[in-house]
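# here are the coordinates; sequence isn't available:
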């Protein structure tokens, strides 16, 4: 009797193990970039996404990356079937979606929500596929703000020539720095914040969610300020090798992420509440800053750095929210 | 008709009398401001929120840089709360309070000097403010409608 029970257990265990192996072999590898690895908020969001994906008969096996370059390399080499990367890195896979981060393209999270909803509709699905890649989700990271270590840098004129730490691999940041008159200081993701906190660079552009983890208050200290005027809206983008997923997966996924916008925005808004010395542009300077940023966007679009279709969509959204803007009656974008 | 007019007149007098009892006064405005900074000291953000009108304008002029910043209520409260988060041992000392009643007590202006000190990001900071505060009555509640400060911040 004892032997028969043991045999039954063995058979059951073998069946379970085989079932597990079978499901693992069918699983798609999902490379998730999160500075905080498996403990990070992006990884957590993607874990919930993986649960949702099972309902679409897609099994995702998550792999955390704290090094974004490595995640992108592994995705390019086919080690990952799907990856989540920042909008900066998404540029090499889809110029249209990555241009959502165009400088001063969107002024606030309501406008970002509007654009994400628009591009996540089935009518926009063709634009989400470029070459062999499909963008299956665009998630908000929040506005990129200028962190300054000296609040006497309080005008467009004074900001020119100041050293800004930029990610060396990112042509958009380098061009932006040049166009805005900054002196770019090459950095990578590991020393980007420390260059600012140590005073090596005078300013950096970063989202609010980086403020506490990267201790950017140390760089701002008691003499600097954070300009409460986003220079762009940042994103996280989920990209697949198009042919590795069913035709319906992309649309299911985009609809899912678009519906998460408000939930994803909450920690961003909470992070913005924590920023010390978070000041709007000095009186009389807002329009000067906006003119500078707009000029930079226009010239970068002409250079082909931004996608013209996306830039045009961003303008439509800006004008929907503020129809009185002077740009709403011109044909520049 | 005469009775009706008398009644209407009486009602008006009674209404004005009841309202007049809640008009701003020197004592009331000064107490309000002291309460405001006590709420700051107590880190009572709900009380501060209730003491500032939703459409209040806040203007901070930095003397050293000759530069001013205009904030709305939520931006101002965000700054107050983040200073609490990063700071400790804050103290507010009010002096030279002067008030002017306007609109027959429906609004008032207070001018004062305030010395503020706190330890923030491991640094002891002191700031001297020259302030002008406008108060209004909203639904029988005194609220700040405008706060202007020239500061050494």
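Arrived safely. A quick note: this is a predicted structure, and the numbers were derived from the prediction, not measured. Residues are numbered from 1 along each chain as shown, chains lettered A, B, ... in the order given.
# Residue A:107: neighbour count?
For residue A:107, the count of nearby residues is 20 (other CB atoms under 10 Å in any protein chain shown). No exception for glycine: its C-beta is placed from N, CA and C like everyone else's.
# Now do stretch A:119-134: everything it contacts.
Here stretch A:119-134 makes contact (CB atoms under 8 Å, 6 or more residues apart in numbering or on different chains) with A:93-97, A:100, A:118, A:135-138, A:239-243, A:245, A:250-251, A:254-255, A:257-258, A:309, A:313.
# swap that for stretch B:49-56, sorry
B:32, B:35-36, B:39, B:72-73, B:76-77, B:136, B:138, B:141-147.
# rerun that using 6 Å as the cut-off
By CB atoms under 6 Å, 6 or more residues apart in numbering or on different chains, the residues outside stretch B:49-56 that reach it are B:36, B:73, B:143, B:144, B:145.
# Now do the same contact list for the second one.
Neighbouring residues of residue B:73 by CB under 6 Å, 6+ apart: B:52, B:56.
# re earlier: mind checking which of the contacts of stretch A:119-134 are in helices?
Among the contacts of stretch A:119-134, DSSP state H puts A:95, A:96, A:97, A:118, A:250, A:251, A:254, A:255, A:257, A:258, A:309, A:313 in helices.
# Just put these in JSON lines and tack on neighbour count.
Converted to JSON lines, the ones in helices among the contacts of stretch A:119-134 look like this (neighbours: other CB atoms under 10 Å in any protein chain shown):
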{"residue": "A:95", "neighbour count": "17"}
{"residue": "A:96", "neighbour count": "22"}
{"residue": "A:97", "neighbour count": "26"}
{"residue": "A:118", "neighbour count": "14"}
{"residue": "A:250", "neighbour count": "21"}
{"residue": "A:251", "neighbour count": "18"}
{"residue": "A:254", "neighbour count": "25"}
{"residue": "A:255", "neighbour count": "14"}
{"residue": "A:257", "neighbour count": "24"}
{"residue": "A:258", "neighbour count": "18"}
{"residue": "A:309", "neighbour count": "14"}
{"residue": "A:313", "neighbour count": "22"}
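# Considering the contacts of stretch B:49-56, which is situated nearest to residue A:39?
Of all those, residue A:39 sits closest to residue B:73, with 35.7 Å by CB to CB.
# Report the separation between the closest one and chain A.
Going from residue B:73 to chain A by CB to the nearest CB, to the nearest Å gives 13 Å.
# Average pLDDT for whatever helix or strand residue B:75 lives in, rounded please.
For residue B:75, the element it lies in under DSSP states H and E is helix B:73-86. Here helix B:73-86 scores 97 as its mean pLDDT.
# can you check stretch A:214-230 too?
96.
# Pull up the distance across it, start to finish.
Stretch A:214-230 has an end-to-end distance of 19 Å (CA to CA, to the nearest Å).
# From the chain's centroid, how far away is it?
Taking CA atoms, centre = their mean, to the nearest Å, one finds the center of stretch A:214-230 at 21 Å from the center of the full chain.
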